[in-house]
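model the structure of this input:
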Amino acid sequence: MRATDKESWWTVSPSPLLDVQADEDVFRPAHTRGELVDEFGSAQVSTALRIGHPRPSCSFPET
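Model prediction:
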């Protein structure tokens, strides 16, 4: 079995992308936030920046 070449499918879709980013995300440092726009173009990528610390959408009881 042969692996599919990433370059043959990675940028093929014309679908719009929404990149939701947290302002203080340690896994997405500020200098890397434009990577999707750089790769796919600003016409295809919309970026939403969430300011502040990300919080879970629901609360869990403490045990």
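
where exactly do the strands run in the protein?
Per DSSP state E, the chain carries strands over the ranges 17-22, 45-50.

now do P54, the pLDDT please.
On pLDDT, P54 comes in at 53.

now distance to R33 and mean pLDDT too, for the strands of the chain, in CSV please.
Glycine gets a C-beta too; all of them are placed from N, C-alpha and C. Putting those into CSV (distance: least, CB to CB, whole Å; pLDDT from 0 to 100) gives the following:
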stretch, distance to R33, mean pLDDT
strand 17-22, 6, 88
strand 45-50, 7, 85
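
how far away is the residue nearest to the spatial centre of the chain from S13?
What sits nearest the mean C-alpha location of the chain, by CA atoms, centre = their mean, is D19, with 4.1 Å. In this view, D19 and S13 are 15 Å apart by CB to CB, to the nearest Å.

try E24
Shown here: E24 relative to S13, a distance of 30 Å by CB to CB.

quick revisit: and of the strands of the chain, who's closest to E7?
Among the strands of the chain, the nearest to E7 by CB to CB is strand 17-22 (18.0 Å).

could you give the angle of the closest one to strand 45-50?
For strand 17-22 against strand 45-50, the angle by axes from the mean of the first three to the mean of the last three CA atoms, to 10 degrees is 20 degrees.

who does strand 17-22 pair up with?
Strands that pair with strand 17-22, judged by DSSP bridges, come out as strand 45-50 (parallel).

report the contact partners of A3.
A3 makes no contacts at all, as judged by CB atoms under 8 Å, 6 or more residues apart in numbering.

so what does it have for phi and psi?
Dihedral pair for A3: phi -70, psi 140, per degrees, to the nearest 10.

for it, report the pLDDT, please.
We have a pLDDT of 83 for A3.

right, and the strands of the chain - which one's nearest W9?
Nearest of the strands of the chain (CB to CB): strand 17-22, 14.9 Å.

fine, thanks again, bye for now.
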